[in-house]
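Trainee: 3D model of this:
(one chain, ligands or ions: 1)
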Amino acid sequence: MYGMPGAMAGGAVRSPFLCECGGLLDVVREWSGIDSEQLKRVWDERLSERMTPYAGGVWRYKELIFPDLEARWITTKYEGNTGLYPSESLARLAGVRKLLLKAQSENPSGSFKDNGMTVAVSHGRSLGYKRFTCTSTGNTSASLAMYAAIGGCSSHVFLPGRHISPNKVRQTAAYGAELIRFDGTYDDGIRFSERYSERLGLYVCNSINPFRIEGQKSIVYEIAHQLGWQLPDWIVLPGGALSNAAALGKGLLELKQLGFIDKLPRVAIVQAEGASPFHRMVAGGRSVLTPEANPHTVAFALNIGNPPSWKKALRSVIGGLNGVTAAVSDAEIMEAKALIDRSGIGCEPASAASLAGLKQLADRGIVDAEETAVCILTGHLLKDTEAVSYQENLAAADLTWESVNGLLSRG
Ligand SMILES: *Cc1c(COP(=O)(O)O)cnc(C)c1O
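Mentor: Below you'll find the predicted structure:
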């Protein structure tokens, strides 16, 4: 597929990740010789590895992610291997019997983008690419810059003028990426890289890259592995570009098809109200997405009006898994974030849409009080420090025993 781009007008070359119809490509494998019980034993044994690529939570599952990649191209920082934390107080708050939080925020660059990016960069290197690119203002660029550096390659990140998350751009710069500022929107940047990257010798790591989807399947593989191959009733995740939702759906359907699990969970995709074109489509019973021209939400990672992977998410999550959608307000997101932070787990605002959405779905009776759920936390607390204020926690005291004791004895 890659390396056989079609010609396009204007001397451009079509992105190898776009179909002739303009849609996205999917990695489809002819599975043969997969013995689920034997592979589960192999994956269990790999849990004790330390310094091989299989010690990480993505390449451990290589057989279902990129079986034919030569090991020397694997570009890894032992991503995945993230905690799955039960919380009784958050379960009570959401209104479900049992709730676990899957902290993808614990990835090496601080977001779930690492699960996919390790595979995309490994794939690009195996094809001989030395330069990698994406258009992003956030976690994608930080993850790309990190893996490009680990692989001894360069990264070139297109930054649209507006909507930049300062911490994430600084992190990207720190890993050595070249930052290319341009006057235009995120969509302009994507269109440019789709048309010209091939001629510029750049390997494109935008969310259209199907190898990122393959890597992100590992999130649900790891959840299943951690839970002894018994998944909860619901998995809830935030949706922006919908690549993670598409990956989750694809990964779950493959696990079932190949006999790793008996029962599929249902999946809920939660969008921010100000950027919820997918939710509006599903809730309206439509099957064509109308983009949102001016998306706006405090959860910057969800601020996407025209999600590239909506067809994949519709097919796998809504069609294949009887999934649902929800939209939550910025106030609900920030309230949920504060609770997740105070529980000691912590996350950036976009991640908290999952908990806010679960609560809403339970309030509406779509999720039953007797059911169990996993919420996926996509990004780290420190990714967006502007979203945290310490004023509420601030007290003043004289440094005397009486004064401090008085403070600690309050109500
Ligand atoms: C990218 C991102 C999302 C959205 O995931 P999509 O695959 O774009 O739907 C959510 N939260 C965080 C922290 C992200 O970085």
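Trainee: what about Tyr196, neighbour count?
Mentor: When counting by other CB atoms under 10 Å, one arrives at 18 neighbours for Tyr196. For glycine as for every other residue, the C-beta is placed from the backbone atoms N, C-alpha and C.
Trainee: list the buried ones in the helix or strand containing it?
Mentor: In the assignment (DSSP states H and E), Tyr196 maps to helix 186-200. For helix 186-200, burial by neighbour count (16 or more other CB atoms under 10 Å) applies to 186, 189-190, 192-198.
Trainee: any idea which helix or strand comes after it?
Mentor: Counting by DSSP H and E, what follows helix 186-200 is strand 202-204.
Trainee: contacting residues around that next one?
Mentor: With contacts defined as CB atoms under 8 Å, 6 or more residues apart in numbering, strand 202-204 is touched by 15, 17, 120-121, 124, 127, 129, 131-134, 156, 193-194, 197.
Trainee: recalculate using a threshold of 7 Å.
Mentor: Contact with strand 202-204 is made by 15, 17, 124, 129, 131-134, 156, 193, 197, as judged by CB atoms under 7 Å, 6 or more residues apart in numbering.
Trainee: in TSV, list these along with distance to Gly228 and secondary structure.
Mentor: Listed next are those as TSV, based on distance: CB to CB, whole Å; DSSP: H, G, I helix; E, B strand; the rest coil:
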residue	distance to Gly228	secondary structure
Ser15	41	coil
Phe17	36	coil
Gly124	35	helix
Tyr129	39	coil
Arg131	43	strand
Phe132	37	strand
Thr133	40	strand
Cys134	36	strand
His156	43	strand
Ser193	42	helix
Ser197	43	helix
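Trainee: by pLDDT, give me the weakest of the residues you listed.
Mentor: Among these, Ser15 carries the weakest pLDDT, at 66.
Trainee: which one is the residue of the stretch 1-150 of the chain found nearest the ligand nearest to, not counting chain neighbours?
Mentor: Closest to the ligand within the stretch 1-150 of the chain is Asn139: 3.5 Å, counting by CB to the nearest ligand atom. Nearest residue to Asn139 in three dimensions, chain neighbours excluded: Ser111, at 3.9 Å (CB to CB, 6 or more residues apart in numbering).
Trainee: for the helix holding Tyr196, packing partners?
Mentor: Contact partners of helix 186-200 among helices and strands, from 3 or more CB pairs under 7 Å, 6 or more residues apart in numbering; DSSP states H and E: strand 131-135, strand 154-160.
Trainee: specify the angle between that helix and strand 154-160 in degrees.
Mentor: Angle, helix 186-200 to strand 154-160, by axes from the mean of the first three to the mean of the last three CA atoms, to 10 degrees: 150 degrees.
Trainee: buried subset of the contacts of strand 202-204 as a PyMOL selection?
Mentor: Command for PyMOL that selects the buried part of the contacts of strand 202-204, burial taken from 16+ other CB under 10 Å:
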select buried, resi 15+17+124+129+131+132+133+134+156+193+197
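Trainee: now the contacts of strand 202-204 in CSV, with distance to Ala336?
Mentor: Formatted as CSV, those follow (distance: CB to CB, whole Å):
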residue, distance to Ala336
Ser15, 36
Phe17, 34
Gly124, 36
Tyr129, 40
Arg131, 39
Phe132, 34
Thr133, 34
Cys134, 28
His156, 36
Ser193, 34
Ser197, 37
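Trainee: hmm, which two among the contacts of strand 202-204 are most spread apart?
Mentor: Within the contacts of strand 202-204, two members stand farthest from each other by CB to CB: Phe17 and His156, at 17.0 Å.
Trainee: count the neighbours of Ala283 for me.
Mentor: Neighbours of Ala283 using other CB under 10 Å come to 13.
Trainee: for the closest residue to it other than its chain neighbours, give the beta-bridge partners.
Mentor: Excluding its sequence neighbours, the residue lying closest to Ala283 (CB to CB, 6+ apart) is Thr325, at 6.6 Å. Listed beta-bridge partners, Thr325: Ile269 (assigned using DSSP bridges).
Trainee: my guess is Thr325 contacts Arg280. True?
Mentor: No - counting by CB atoms under 7 Å, Thr325 does not reach Arg280; the two are 8.7 Å apart.
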